[in-house]
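# no sequence for this one, just the structure:
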């Protein structure tokens, strides 16, 4: 892949994994969390889908080991229910930017 092939996606508080191949979920979620945190976002919703829970577990393993994740929980029904995870990131301190 060349630099011309790279597409930058806007970093928002909602990230939908439906278009991400399962083999790439861990790396993509790690990169998204880092970018969202550096951007100063503190409340996120990661949509992984309901399925059999493989993507949800992959997402939550990343969240568990990410130092700047304060907490995470299953989204309420009106925000995706068990097909989405709400994440709270701790704010970035200036010396961490």
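Thanks, I have the structure now. Bear in mind that the values here come from a model prediction, so they are computed numbers and not experimental data. Numbering: from 1, shown residues only.
# in this protein, which spans are strands?
With DSSP state E as the criterion, the chain has strands at 14-16, 43-47, 69-74, 84-89.
# and the shortest one, what's buried?
Within strand 14-16, the residues scored as buried using 16 or more other Cβ atoms under 10 Å are residue 15. C-beta here means a position set from N, CA and C on the backbone, and glycine is covered the same way.
# tell me the strands beside that strand, with direction?
Its sheet considered, strand 14-16 pairs with strand 43-47 (parallel) by DSSP bridges.
# over to the third one?
Within its sheet, strand 69-74 is paired with strand 84-89 (antiparallel), according to DSSP bridges.
# which positions within the partner strand qualify as buried?
For strand 84-89, burial by neighbour count (16+ other Cβ under 10 Å) applies to 84-87, 89.
# out of these, which comes closest to residue 11?
Closest to residue 11 out of these is residue 89 (12.1 Å), distances taken as Cβ to Cβ.
# quick check: end-to-end length of stretch 14-30?
Distance between the two ends of stretch 14-30: 14 Å, counting by Cα to Cα, to the nearest Å.
# no wait, stretch 54-73
Stretch 54-73 has an end-to-end distance of 16 Å (criterion: Cα to Cα).
# who's in contact with that stretch?
17, 22, 25-26, 29-30, 33, 37, 46, 48-49, 82-83, 85-90, 92 (Cβ atoms under 8 Å, 6 or more residues apart in numbering).
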